[in-house]
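Colleague: show me how the following folds:
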Amino acid sequence: MNNKDEKEIFGDLSQHERADDALLRICAGIMRDFPREREYERFYLMAAIRRTLSLGLAFRQAIESNNGQMAMILVRLNLDTLARIYALYWAEQTEGMTAESFSRDIANGKKIGDMKLKGAKTKATDKWLIEQIESLGVWISEAYQRTSGAVHFSDFHIHQLLQQARPLEDLPDGALLSEMIVGPCELNADPELYRELKQAFLHISLMLLEVVRQRTSSGRG
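Modeller: Residues are numbered from 1 along each chain as shown. Down below sits the predicted model:
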């Protein structure tokens, strides 16, 4: 290990880029080696990889421009992709369904949220999908709750606005004169402000990479 690697901290953007490289390599393998009888699953996996790569590029741009709101939304979307990759396994646990038939249905426009998987009595909504993977990491539930607040307009955005205010002067009547900056990015943000977001996005991408590897392993592919 060289000195550069020793100084790295989990979540550094250089690690995000290496995760993307690994996803691209495994995508090439899927194109080359995946069984023809699982053609729809092939496209499902590759579409998930492409979405993660697209989100990853936008995430790095958001971090580099101090756009914390967008970075948080992208973490949520990446978590969404991870849950839907796992749905391939849940399809195999569903009577009358296979991963291939499930992938074909999705390709033909059927919504995962309208399905009932692995004998569940409720439909596979976003909440249900996340509940199925909560056991993979204690942070997943919290990440889902926090980032969902960023996706849907909520108190999160009001708090984000107020964080951009700074006091200027105490007025004689006891009021406080302050300045508020309204813009897309955090002003003078501490680089470490986004450490947790970078770690969460990278962790999700690496988990997705591992699931795809399992789906394309010699025992399956």
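
Colleague: which residues touch residue 140?
Modeller: Residues counted as contacts of residue 140 (Cβ atoms under 8 Å, 6 or more residues apart in numbering) are 79, 130, 133-134. In short, each C-beta sits where N, CA and C put it, glycine included.

Colleague: kindly report the same for residue 23.
Modeller: 49, 52-53, 205, 208-209, 212.

Colleague: find the residue closest to the residue positioned nearest the centre of the chain in space, skipping its chain neighbours.
Modeller: Against the mean C-alpha coordinate of the chain, by Cα atoms, centre = their mean, the closest residue is residue 78 at 1.6 Å. Leaving aside its sequence neighbours, residue 78 sits nearest to residue 204 (Cβ to Cβ, 6 or more residues apart in numbering; 4.6 Å).

Colleague: am I right that that neighbour falls within a helix?
Modeller: Yes. Checked against DSSP: H, G, I helix; E, B strand; the rest coil, residue 204 lies within a helix.

Colleague: quick check, it in contact with residue 79.
Modeller: Yes. Residue 204 sits in contact with residue 79 when judged by Cβ atoms under 8 Å, with a separation of 5.5 Å.

Colleague: could you tell me how many residues sit around residue 159?
Modeller: 10 (other Cβ atoms under 10 Å).

Colleague: ok, residue 51 next?
Modeller: 16.

Colleague: try residue 39
Modeller: 14.

Colleague: C-terminal to the helix or strand containing it, what's the next element?
Modeller: Using DSSP states H and E, the element containing residue 39 is helix 39-64. Tracing the chain C-terminally past helix 39-64 and defining elements by DSSP H and E, one meets helix 68-92 next.

Colleague: so which bits of that next one are buried?
Modeller: 68-88, 90-91 (16 or more other Cβ atoms under 10 Å).

Colleague: any idea how far that helix is from the middle of the chain?
Modeller: Relative to its parent chain, helix 68-92 has a centroid offset of 5 Å by Cα atoms, centre = their mean, to the nearest Å.
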